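**Student:** the following block contains a protein sequence and its predicted model.
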Amino acid sequence: MVRQPMAFFKGELVPLKEANVNITTHAFNYGTAVFEGLRAYWNADHEELYIVQAEPHFARLVRSARILRIDVPFTAGELVSHTVSLLRANAFREDVYIRPLAYKSDAAIKVGLSGIASAFGMFAVPMGDYVPTKGINVAVSSWRRISDNMIPSRAKVSGAYVNAALSSDQAKSDGYDEAIMLGDDGQVSEASSSNLFMVRQGTLITPPITADILEGITRQVVMELAEELGIPQVVRPIDRTELYVADELFLCGTGVQLAGIISVDRRPIADGRTGPITQTIQQVYFDLVRGRSDRHCDFVTPVYEGP
Ligand SMILES: Cc1ncc(COP(=O)(O)O)c(C=O)c1O
């Protein structure tokens, strides 16, 4: 028997095909929704599905919602429990992507945020690699990253992803795997759906959270891993041309995971292969998220064993 996909919608588990919104919905008209993207990795040896960094993702969702005056009727901890229930209801035994959304749900023709009801929904779908992790070719986009004073960068706002879609679409139409966006000040911000790290002379460098980036959960994990591995790191602005002379570059995010960059604007990075520091961090990261590391308990939530 084929199991029917389930969603968590308006407080309960329902068949995914019943988790629908009407075209009059405020979020559909104005982009007034915030969302998250989480991954859960299947570990066949453990017969276990591990949700990666569940609590930090839902804490960010609650912060995003706060910025947009969207009410989320659950705490981050409760949302983790609902996610476990959702994944169990779907009986997934493969890698999956989880998409929670909190949105302005009223049928209101009104540009604004206050006095408009909110709702919450979440679904999950099987997902493998989103971009190749073995080495990608990127371009600096002619689309600038929306700045925090236009649409808050640290909130994961649905409407803001038009900016990401334009840059990603341009890069892909031009034959690249991904786009790196500059901020309003002309300095490196991030990619369309991931944060960027650069290695120069053995030091790991990433732009600050004030560079109009999403405050990435994976970015934070990479910084913690680098600390443990004794890799020196600096948070500072990055110029566009530093990308061309970097020793290593990689993107990180829930969707892209850790993807080494082998060229920028058709200029090879170093010898045109994923660099050694990138590979080391990639290895530790993939062991961690798949529950293969001793310390995975701090990073992942098992779905079937129970929290
Ligand atoms: C614009 C943007 N930046 C960065 C990231 C990486 O964030 P995280 O590591 O929390 O998935 C994402 C993905 O969610 C994103 O959409």
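**Tutor:** Everything's here; your move.

**Student:** residues of this protein that sit close to the ligand?
**Tutor:** Residues of the chain lying close to the ligand by CB under 6 Å from any ligand atom are 37, 164, 190, 193-195, 214, 216-219, 253-255. C-beta coordinates here come from the backbone N, C-alpha and C atoms, glycine included.

**Student:** how does it look with 5 Å?
**Tutor:** 37, 190, 193-195, 214, 216-218, 253-254 (CB under 5 Å from any ligand atom).

**Student:** save those as TSV, and put in pLDDT, neighbour count and secondary structure too.
**Tutor:** Output for those, formatted as TSV (pLDDT from 0 to 100; neighbours: other CB atoms under 10 Å; DSSP: H, G, I helix; E, B strand; the rest coil):
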residue	pLDDT	neighbour count	secondary structure
37	98	17	coil
190	98	27	strand
193	96	23	coil
194	98	27	strand
195	98	25	strand
214	98	24	coil
216	98	23	coil
217	98	23	helix
218	98	22	helix
253	97	24	strand
254	97	21	coil
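
**Student:** taking those residues, tell me the two that lie furthest apart.
**Tutor:** Maximum pairwise distance among these (CB to CB): 14.4 Å, between 37 and 190.

**Student:** could you pull out the strands for the stretch 1-150 of the chain?
**Tutor:** With strands called from DSSP state E, counting those that start in this stretch, the stretch 1-150 of the chain shows them at 6-9, 12-15, 33-35, 38-43, 48-52, 96-104, 118-126, 136-140.

**Student:** from residue 18, how far off is residue 241?
**Tutor:** 52 Å (CB to CB, to the nearest Å).

**Student:** include mean pLDDT when you put the strands of the stretch 1-150 of the chain into CSV, please.
**Tutor:** Shown next, in CSV, are these (pLDDT from 0 to 100):
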stretch, mean pLDDT
strand 6-9, 98
strand 12-15, 98
strand 33-35, 98
strand 38-43, 96
strand 48-52, 97
strand 96-104, 98
strand 118-126, 98
strand 136-140, 97
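
**Student:** now these as TSV including mean neighbour count?
**Tutor:** TSV is the format used below for the strands of the stretch 1-150 of the chain (neighbours: other CB atoms under 10 Å):
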stretch	mean neighbour count
strand 6-9	22
strand 12-15	14
strand 33-35	25
strand 38-43	21
strand 48-52	24
strand 96-104	22
strand 118-126	19
strand 136-140	21
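
**Student:** Throw the ones you listed into a markdown table and include distance to residue 249, thanks.
**Tutor:** As requested, these are exported to a markdown table (distance: least, CB to CB, whole Å):
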| stretch | distance to residue 249 |
| --- | --- |
| strand 6-9 | 37 |
| strand 12-15 | 42 |
| strand 33-35 | 27 |
| strand 38-43 | 22 |
| strand 48-52 | 23 |
| strand 96-104 | 25 |
| strand 118-126 | 29 |
| strand 136-140 | 8 |
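
**Student:** relative to residue 158, which of those strands is closest?
**Tutor:** Evaluated over these, closeness to residue 158 peaks at strand 33-35, with 4.0 Å, by CB to CB.

**Student:** domains in this protein, by residue range?
**Tutor:** As recorded under automatic domain parsing, the domains making up the chain are 6-128+297-302, 136-274.

**Student:** export stretch 193-210 to PDB, keeping only CA atoms.
**Tutor:** C-alpha atoms of stretch 193-210 as PDB (Å, rounded to 0.1, in the frame of the first residue of the first chain):
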ATOM      1  CA  SER A 193      20.500  30.300  -0.600                       C
ATOM      2  CA  SER A 194      23.700  29.700   1.300                       C
ATOM      3  CA  ASN A 195      26.500  31.500   3.100                       C
ATOM      4  CA  LEU A 196      30.000  31.800   1.900                       C
ATOM      5  CA  PHE A 197      33.400  31.000   3.400                       C
ATOM      6  CA  MET A 198      36.800  31.800   1.900                       C
ATOM      7  CA  VAL A 199      40.200  30.500   2.900                       C
ATOM      8  CA  ARG A 200      43.300  32.800   2.500                       C
ATOM      9  CA  GLN A 201      46.600  31.700   3.900                       C
ATOM     10  CA  GLY A 202      45.100  29.100   6.100                       C
ATOM     11  CA  THR A 203      42.500  31.400   7.700                       C
ATOM     12  CA  LEU A 204      38.800  30.800   7.300                       C
ATOM     13  CA  ILE A 205      37.000  34.000   6.500                       C
ATOM     14  CA  THR A 206      33.300  34.800   6.300                       C
ATOM     15  CA  PRO A 207      31.300  38.000   6.000                       C
ATOM     16  CA  PRO A 208      29.700  39.400   9.300                       C
ATOM     17  CA  ILE A 209      26.000  39.000  10.100                       C
ATOM     18  CA  THR A 210      25.600  42.700   9.200                       C
END
